[in-house]
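Q: okay, predicted coordinates and the sequence, questions at the end:
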Amino acid sequence: MKRLRKAKIVATLGPSSSDFRTVRALFDAGADVFRLNFSHGTHVQHQERLEIIRRVERETGRPIAVLLDLQGPKLRIGALANGPVTLRPGASFRLDLDPAPGDATRAPLPHPEVFAALTAGTDLLIDDGKLRLRVLARASDFVDTQVIVGGTLSDRKGVNVPSVLLPISALTTKDRADLEFGLSLHVDWVALSFVQRPEDVHEVKAIVAGRAAVLAKLEKPAAIDSLDAIIDAADAIMVARGDLGVELPVEQVPRLQKRIVRACRAAGKPVVVATQMLESMISSPVPTRAEASDVANAVYDGADAVMLSAESASGQHPREAVAMMDRLIAEVESDPNYRSTIDASHTAPQAVVADAICLALRQTASLLPVSALVTHTRSGATSLRAARERPAVPVLSMTPELATARRLALAWGVHSVHTAHHVADVPDMVAQARAMAHREAFAQPGDVVVIASGMPFGVTGTTNFLHIAKV
């Protein structure tokens, strides 16, 4: 099941992709990571999908990552008494804690913590930014606004507060229950929504306690203000362009996407670009040319993975969407300009032994006819550092930890293998690397592989060994 590309594909499972045949087809078409979106579906449905993923994993012999995506807080207005109302520009409109159904002059907003954070001049966005209200005055239980952009308002529409750091946790009661359920199923990644500050990531990592890796979704402007600290706190990052594009001017999103990808690459943290990548394929068997260019641009920037949401979860062509993503990535990576762009965008390594070893890996691969870089790792750190260098040849990652093998399915250029045999000494490690490179079709007899590891074996964070060997 060797992939002929380096950027990875995350596919969301849902009503269109809940049976074994479809999930296996998505994997065969190119999916490396499967996302379980806990904003939808029941625990029973998610467990059934996870069990199908593990069956595909057993049949193919390739570690597959499962990403649990938490819903996060959802700010919504309450009910309206007589159905949708029209808000006209310049009109007054009140949001309050009164649970009584609203009308054309007011609506309930059952989130008292929001009122305390608002000040005069703050804008509120309703229904993904279709309506815009400006705060004129507030009290502890209501806020008076003026309609800036009017339109039709109906029940339960979402509310965004783009310019305010809201005093609420990124974890709701529902999220905590979903998280514990997912951890009991041994998911590999947990995606945290509504991240505003690094403390949000620290909170969920304390609960996870190493049982999964944590991915922070950047969808709030406040998170951009603390970008470096959030990247440092998280194990990976997602550029969640949907909400980010609601709360920020849409013209800023492409620039921020590139900034986030560059920052993650510099830090050696996997980064996923998500939302509306092949949106038209929800109903069409082919994407628009603009969507194809969007995916290509994320790959040219060096993103670790690109993600499908409704395209694979509820669309009419889930397998075709994954296959199209696979072809787009492969086409970009075959472009000589792609390699020159990636090489020109390397960030300076840190003055540590592990970075020196992984820099030497990349340079050796550019000097010698190397077929693969082989990393022996327990925690995954060596493989991630090798991937940070974006080498021209694949990274064959060998680990005795199945959880590590699965998590690395998200990382750029890493072909992850779970090995039951623990390394005894250097000759044993080299022999394993040679055999695995041949078995996984990365090298033929006589080919050169470069091996990186840490010594003493089994100690996390000790990448300090490089060896060149012939298969």
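A: Arrived safely. Just so it is clear, the structure is predicted and the values come from calculations on it, not from any experiment. Numbers count the residues shown, from 1 in each chain.
Q: what ranges does the stretch 51-200 of the chain have for its strands?
A: Counting by DSSP state E, counting those that start in this stretch, the stretch 51-200 of the chain has strands at residues 65-69, 85-87, 92-96, 106-108, 123-126, 131-138, 142-149, 151-153, 159-160, 189-192.
Q: need the contact list for residue 46.
A: The neighbours of residue 46, taking Cβ atoms under 8 Å, 6 or more residues apart in numbering as the test, are 36, 38, 181-182, 185. In short, each C-beta sits where N, CA and C put it, glycine included.
Q: got a winner among the residues you listed for most neighbours?
A: The most crowded member of these is residue 182, carrying 27 neighbours; neighbours defined as other Cβ atoms under 10 Å.
Q: setting the sequence-adjacent residues aside, check what's closest to it.
A: Counting by Cβ to Cβ, 6 or more residues apart in numbering, residue 68 is the residue found nearest to residue 182 once chain neighbours are left out, at 4.0 Å.
Q: quick one, the host helix or strand of residue 237 and strand 65-69 angle?
A: Element membership of residue 237 [criterion: DSSP states H and E] is strand 236-240. Comparing the axes of strand 236-240 and strand 65-69 via axes from the mean of the first three to the mean of the last three Cα atoms, to 10 degrees yields an angle of 60 degrees.
Q: now strand 236-240, how far from the centre of its chain.
A: Here strand 236-240 shows a centroid-to-chain-centroid distance of 5 Å under the convention Cα atoms, centre = their mean, to the nearest Å.
Q: average pLDDT for stretch 244-262?
A: Within the predicted structure, the mean pLDDT of stretch 244-262 is 93.
Q: so for that stretch, what gets flagged as buried?
A: Buried positions in stretch 244-262, judged by neighbour count with 16 or more other Cβ atoms under 10 Å: 244-248, 253, 256-258, 260-261.
Q: now do residue 160 against residue 220, distance only.
A: Noted for residue 160: a distance of 9 Å to residue 220, by Cβ to Cβ, to the nearest Å.
Q: which secondary structure element contains residue 469?
A: Taking DSSP H and E as the criterion, the element that holds residue 469 is strand 463-470.
Q: who are the packing partners of that strand?
A: For strand 463-470, the helices and strands in contact under the criterion 3 or more Cβ pairs under 8 Å, 6 or more residues apart in numbering; DSSP states H and E are helix 353-367, helix 381-388, helix 426-439, strand 448-454.
Q: could you dump those to JSON lines with mean pLDDT and distance to residue 73?
A: Rendered in JSON lines, the data for those read as follows (pLDDT from 0 to 100; distance: least, Cβ to Cβ, whole Å):
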{"stretch": "helix 353-367", "mean pLDDT": "86", "distance to residue 73": "38"}
{"stretch": "helix 381-388", "mean pLDDT": "92", "distance to residue 73": "30"}
{"stretch": "helix 426-439", "mean pLDDT": "92", "distance to residue 73": "45"}
{"stretch": "strand 448-454", "mean pLDDT": "90", "distance to residue 73": "41"}
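Q: quick one: residues contacting the closest residue to residue 69 other than its chain neighbours.
A: The shortest distance from residue 69 to any residue other than its chain neighbours is 4.2 Å, reached at residue 191 (Cβ to Cβ, 6+ apart). Under the criterion of Cβ under 8 Å, 6+ apart, the neighbours of residue 191 are 35, 67-70, 215-217, 238.
Q: and residue 164, how far is that from residue 93?
A: Per Cβ to Cβ, residue 164 is found 18 Å from residue 93.
Q: ok, residues contacting the strand or helix carrying residue 254?
A: Using DSSP H and E, residue 254 maps to helix 253-267. Outside of helix 253-267, the residues within contact range by Cβ under 8 Å, 6+ apart are 218, 224, 227-228, 231-232, 236-237, 239, 241, 244-245, 248, 270-271, 273, 298, 301-304, 345, 347, 388, 390.
Q: what's residue 424 sitting at in phi/psi?
A: Phi and psi for residue 424, reported as degrees, to the nearest 10, are phi -100, psi -40.
Q: where's it relative to residue 430, distance?
A: Per Cβ to Cβ, residue 424 is found 11 Å from residue 430.
Q: likewise residue 152?
A: Counting by Cβ to Cβ, the separation of residue 152 from residue 430 is 68 Å.
Q: for those two, indicate the residue with more neighbours.
A: Ranked by neighbour count (other Cβ under 10 Å), residue 152 and residue 430 place residue 430 first, with 19 against 13.
Q: so what's that one closest to, chain neighbours aside?
A: Closest residue to residue 430 apart from its sequence neighbours, by Cβ to Cβ, 6+ apart: residue 469 at 5.2 Å.
Q: list the contacts for the one you found?
A: Taking Cβ under 8 Å, 6+ apart, we find residue 469 in contact with 430, 433-434, 448-451.
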